[in-house]
Structures are given as C-alpha cells and as structure tokens.
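Chemist: next one to model:
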Amino acid sequence: MRDARRARRFALVSLLAAVMLIALLLTAFGGGGHTTQQLQVDPAATSSQTKPFPQILAMHGPIRLQMPIAQGRRTAIGYHAAPDGALALSPLGHQGNEGVLQRVFHKVFGGGGGAPTWYRLSGGPTSALDVGALPGTDVYAPVDGTVIGITPYVVAGHRYGSRIDIQPQSAPSLIVSLTQLRADASLAVGANVVSGATRLGVVVDLSRVERQALARYTNDAGNHVSVELRPAVSLVLN
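Modeler: Coordinates of the predicted model:
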C-alpha cells in the first residue's frame with residue numbers, strides 16, 4: 001500500500017513538474033502579458049465588403065449568433081459579464097488573451113484554436129458579446145427573427161442610439177438585444193430580419209462618455225455593438 005501511494009505521489013509530482021516546465025517555456029519563448037491586437041481582416045474579406053459573410057461567433061442552445069459587422073470592418077471581438085439575467089454565451093474561435101495555464105492545457109491536450117480571435121474583457125460569464133467597429137459602421141442582424149422592440153439606449157442620462165430587441169426564429173422564448181447602435185430609420189417593430197442581410201443601424205460613438213474595455217485590443221477608442229441574450233420573460237418583467 002505504501003509503495004502504491006509513493007508511486008501515485010511521484011506520478012503527480014512529475015506531472016506538475018512537467019506542466020510548470022511547459023509554462024516556463026511558454027512564458028520565456030511564447031510571449032505573455034498584455035496583448036494588443038492589430039486590426040485583423042479575415043482573408044475572405046475585402047475592402048469593398050459591406051455585408052458580413054456568414055460566420056457564427058457564439059452559441060447558446062439553438063441560438064447561433066452571426067457576425068453583425070462586415071469582417072473587413074470589425075476591429076476586435078470581446079466578451080464580458082452582463083447584468084440583468086443575460087445568458088452565458090459559448091464563444092467560437094480562440095481566446096487571444098488566455099492565461100499561461102490555459103495555454104499549457106491547450107498545448108498539451110489540444111483545443112482552444114480556430115477563428116475568430118476573441119478577448120475576455122472581464123471576469124464572470126461571457127454573457128455580453130462586443131463586436132468592435134468605427135462609429136457609423138453598418139450593423140446587421142445577428143439572427144433571423146422579428147423585431148419586437150426599439151427603445152432608447154441611455155448612458156449618463158443621455159440617449160446614445162437605441163436598443164433593438166429581436167425574437168429569434170429558432171428560439172421564440174429568447175430575446176437577442178443589440179445596443180450601442182443608432183437604429184435605421186426604416187426599421188420598425190414587427191419587421192422580419194435576416195441574419196447578415198438586414199441592416200439594423202450604425203455603430204454610435206460612446207468614447208466621450210465611457211471608457212471602453214475593447215480599446216485595449218484595438219487601434220481606436222473601442223467603439224462597438226453589443227449583443228446579449230435573455231429569456232423573453234425577463235424582458236417583460238423589466
């Protein structure tokens with residue numbers, strides 16, 4: 001029994017030593033610390049692209065959130081915790097600012113790769129998706145569905161664009177909400193929207209009233225459109 005325990009302890013110590021060695025090597029040769037993203041453009045995107053091509057950014061159950069900004073015009077993608085009962089999203093792609101232990105785990109066991117690159121902007125669940133773009137950039141529907149609400153988006157007592165609520169076709173019990181954009185004048189409650197095809201509005205500039213976390217990974221003030229997912233009942237209660 002003692003020999004078996006010693007063998008298990010030795011195996012555990014050896015494994016920890018190997019992990020620490022890999023972590024040190026990654027830190028020494030693989031870079032680390034704060035990462036600043038240079039503006040990325042997907043190979044399939046062109047300077048003349050106006051609408052996004054189909055690309056799933058995040059999922060939750062039957063919901064597949066598509067890219068709402070033309071790939072050639074987005075600056076960075078970030079996730080952070082959102083208040084008021086927003087549901088956690090599962091990001092696709094790989095985390096650009098993952099920690100050393102996460103990098104070690106993915107080096108040893110695989111996973112954590114693919115496109116697009118995204119960044120965690122705060123602790124907690126990844127319940128808010130921020131897609132960066134310059135003010136005035138067109139924003140398109142991230143899901144197929146029906147617009148059920150267009151309301152003012154207020155920051156520090158002033159209106160900055162609108163909040164657009166969409167009931168997704170694939171999950172009518174949920175609501176996809178977009179903020180930090182100015183709604184298109186032709187958009188109305190009851191309108192049907194198609195992901196990647198229906199223009200909802202344009203990104204607004206919040207840089208004068210809000211220090212935006214996404215700016216750590218862009219070459220600008222970090223303006224963006226924010227996308228969240230909630231149960232429909234929470235919208236009614238609010």
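
Chemist: all helices for this structure, in order.
Modeler: Ranges of helices within the chain are 2-29, 100-109, 232-237, based on DSSP state H.

Chemist: for the record, mean pLDDT for the last one?
Modeler: Meaning helix 232-237. On average, the pLDDT along helix 232-237 is 65.

Chemist: quick check: residue 174 touching residue 232?
Modeler: Yes - contact criterion CB atoms under 8 Å: residue 174 and residue 232 qualify, at 6.2 Å. Where you see a C-beta, it was placed from the backbone N, CA and C, and this is true even at glycine.

Chemist: between the two, what contacts are shared?
Modeler: Residues touching both residue 174 and residue 232 (CB atoms under 8 Å, 6 or more residues apart in numbering) are residue 167.

Chemist: neighbour count: the two, which is higher?
Modeler: Ranked by neighbour count (other CB atoms under 10 Å), residue 174 and residue 232 place residue 174 first, with 23 against 15.

Chemist: now that one: how far from residue 201?
Modeler: 21 Å (CB to CB, to the nearest Å).

Chemist: distance of residue 156 from residue 199?
Modeler: In terms of CB to CB, residue 156 sits 28 Å off from residue 199.

Chemist: so, low pLDDT: which residues of this structure?
Modeler: Judged by pLDDT under 70, the chain has its weakly predicted residues at 1-48, 99-113, 234-238.

Chemist: centre-most residue in it?
Modeler: By CA atoms, centre = their mean, the chain has its centre lying nearest to residue 129, at 3.3 Å.

Chemist: surely it and residue 180 touch.
Modeler: No - counting by CB under 8 Å, residue 180 is not a contact partner of residue 129; they are 11.6 Å apart.

Chemist: who touches stretch 206-217?
Modeler: Contacts for stretch 206-217 (CB under 8 Å, 6+ apart): 34-37, 75-76, 78, 80, 96-97, 119, 121-122, 130, 132, 155-156, 158, 160, 180, 221-224.

Chemist: and it, what's buried?
Modeler: Neighbour-count burial for stretch 206-217, counted by 16 or more other CB atoms under 10 Å, picks out 206, 212-217.

Chemist: CA atoms of it as PDB?
Modeler: Backbone C-alpha positions of stretch 206-217 (Å, rounded to 0.1, in the frame of the first residue of the first chain) are rendered in PDB as follows:
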ATOM      1  CA  LEU A 206     -19.500  56.300 -26.800                       C
ATOM      2  CA  SER A 207     -15.900  57.300 -26.400                       C
ATOM      3  CA  ARG A 208     -16.700  60.700 -24.800                       C
ATOM      4  CA  VAL A 209     -18.900  59.200 -22.000                       C
ATOM      5  CA  GLU A 210     -17.400  55.700 -21.500                       C
ATOM      6  CA  ARG A 211     -14.000  54.200 -21.300                       C
ATOM      7  CA  GLN A 212     -14.500  51.100 -23.400                       C
ATOM      8  CA  ALA A 213     -12.600  47.900 -22.400                       C
ATOM      9  CA  LEU A 214     -12.400  46.700 -26.000                       C
ATOM     10  CA  ALA A 215     -10.000  49.600 -26.700                       C
ATOM     11  CA  ARG A 216      -7.200  47.500 -25.100                       C
ATOM     12  CA  TYR A 217      -7.300  45.300 -28.200                       C
END
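
Chemist: so residue 179 versus residue 72, what's the distance?
Modeler: Residue 179 sits 23 Å away from residue 72, going by CB to CB.

Chemist: among those two, which residue is more densely surrounded?
Modeler: Ranked by neighbour count (other CB under 10 Å), residue 179 and residue 72 place residue 179 first, with 22 against 18.
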